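J.: got a sequence here, can you build the structure:
(one chain, ligands or ions: 1)
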Amino acid sequence: MLHPLELTHPAPRYEDPLDLIEEIEALKRQHDAVILAHFYVDGEIQEIADHTGDSLKLARDAVAVPQQTIVFAGVHFMAESAKILSPQKRVLLPDLQAGCSLADSCPPDKLAAFQAQLRAEGRDFQTVAYINTTAAVKSLCDWIVTSGNAREIIERVPADKEILFVPDQHLGRYLSEVTGRPMILWPGSCMVHEVFSVQDLLRAKRNNPGSIVMAHPECPRTVLEHADFIGGTEKMRKHVASLTTPHVFLVATEVNMIHPLQKLAPQHTYLPVPGIMASDGKTCACNKCPHMALNTLQKVRDCLKLGRPEIAWQPYFEQARSVLQNSLLK
Ligand code: SF4
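T.: This is a model prediction of the structure:
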């Protein structure tokens with residue numbers, strides 16, 4: 001007898017990935033659609049995508065592509081940003097449940113209450129939000145940054161204003177250090193970048209003498225202190241491509257990032273951090289984003305076929321749009 005949950009959520013049946021890819025290609029042509037995929041989704045989805053990148057590049061790609069249907073293989077706030085910047089286009093997200101722990105750590109009502117409290121205390125500030133926030137939060141902010149443009153945007157905040165940085169405390173602390181601007185930090189963080197083990201990182205360094213530790217600025221300071229290179233995903237790509245001599249990189253970000261690095265600069269060896277170090281020196285990564293992992297070839301095919309789930313326009317998108325445009329497109 002079936003468990004009641006199995007009746008409402010049947011296990012997906014196995015389908016040959018090659019058949020799925022063929023079907024997706026045909027549906028894309030039929031619906032004049034384009035697939036955008038974040039570097040953190042599975043490599044097989046990155047392979048069928050028309051454009052891959054970080055949040056900043058994909059937001060710009062969504063505006064630039066001529067197709068009127070966008071399948072966004074990523075998480076909800078990314079598809080929302082694509083819709084906000086291209087309101088006339090249809091934006092589909094393969095799984096509406098693909099959220100983000102970091103975005104969830106800053107609910108709009110709590111942010112609005114905190115901003116009101118700061119104003120009541122007479123604080124003169126602007127709110128800078130990392131792009132990993134909901135559209136409702138973006139509509140309450142003055143600037144949106146990605147790890148790729150954060151320094152440049154922070155320099156645009158008038159020097160006589162305080163900065164309230166949301167939602168990632170680790171990225172905020174790092175940006176405060178590199179820009180020299182003091183910040184009021186919202187206490188949010190990403191569940192994936194929080195789990196890196198400094199112990200495992202140090203062990204991996206010891207087992208791989210001469211290796212280069214490359215860390216995302218969403219990592220806690222305890223991890224960043226051991227990094228040889230700190231940067232977002234696009235910056236990581238540029239860095240590995242700039243080195244022609246083979247190196248071993250210990251990569252402290254979502255494990256699927258290794259796919260584009262390997263593709264771009266196959267001369268290097270990439271090991272995910274952290275990892276349970278086996279006797280042969282190999283690591284097993286525990287740093288996979290469960291939200292990004294909700295994207296599968298089946299779901300990409302299904303949303304192309306059915307034209308849903310679709311990101312629906314919300315009234316607060318209008319305000320979020322002017323903040324996003326000002327920050328990402330100018
Ligand atoms: S890796 Fe972290 S920040 Fe990125 S989507 Fe997943 S939970 Fe959100």
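J.: what's the spacing between whatever helix or strand residue 35 lives in and its chain's center?
T.: Using DSSP states H and E, residue 35 sits in strand 33-38. Using Cα atoms, centre = their mean, to the nearest Å, the distance from the centre of strand 33-38 to the centre of the chain it belongs to is 14 Å.
J.: again with stretch 205-213
T.: Its chain's average C-alpha position is 26 Å from that of stretch 205-213, according to Cα atoms, centre = their mean.
J.: returning to that earlier point: mind listing residues that contact the helix or strand following the strand holding residue 35?
T.: Downstream of strand 33-38, the next assigned helix or strand under DSSP H and E is helix 43-48. Here helix 43-48 makes contact (Cβ atoms under 8 Å, 6 or more residues apart in numbering) with 17, 21, 24-25, 35, 37, 39, 52, 73, 256, 259-260, 295-297, 300. To be clear about C-beta, it is placed using only N, CA and C from the backbone, and glycine gets the same treatment.
J.: and the next helix or strand past helix 43-48?
T.: Moving toward the C-terminus from helix 43-48, the first helix or strand encountered (DSSP H and E) is strand 51-53.
J.: that next one: partners in the sheet, and parallel or antiparallel?
T.: Its sheet considered, strand 51-53 pairs with strand 33-38 (parallel) by DSSP bridges.
J.: ok, residue 171 to residue 185 distance?
T.: Residue 171 sits at a distance of 9 Å from residue 185 (criterion: Cβ to Cβ, to the nearest Å).
J.: more neighbours, these two?
T.: residue 171 (27 against 19; other Cβ atoms under 10 Å).
J.: quick check, the more buried one in a helix?
T.: Yes: under DSSP: H, G, I helix; E, B strand; the rest coil, residue 171 falls within a helix.
J.: and it, what does it touch?
T.: For residue 171, the contacting residues are 130, 147, 150, 165, 217, 218, taking Cβ under 8 Å, 6+ apart as the criterion.
J.: tell me where the stretch 151-300 of the chain has strands.
T.: Listed in chain order, the strands found in the stretch 151-300 of the chain under DSSP state E, counting those that start in this stretch are 162-166, 183-185, 212-215, 229-230, 248-252, 269-272.
J.: so which of those strands comes closest to the ligand?
T.: When the strands of the stretch 151-300 of the chain are compared for distance to the ligand using Cβ to the nearest ligand atom, the nearest one is strand 248-252, at 12.1 Å.
J.: right, I'll leave it there.
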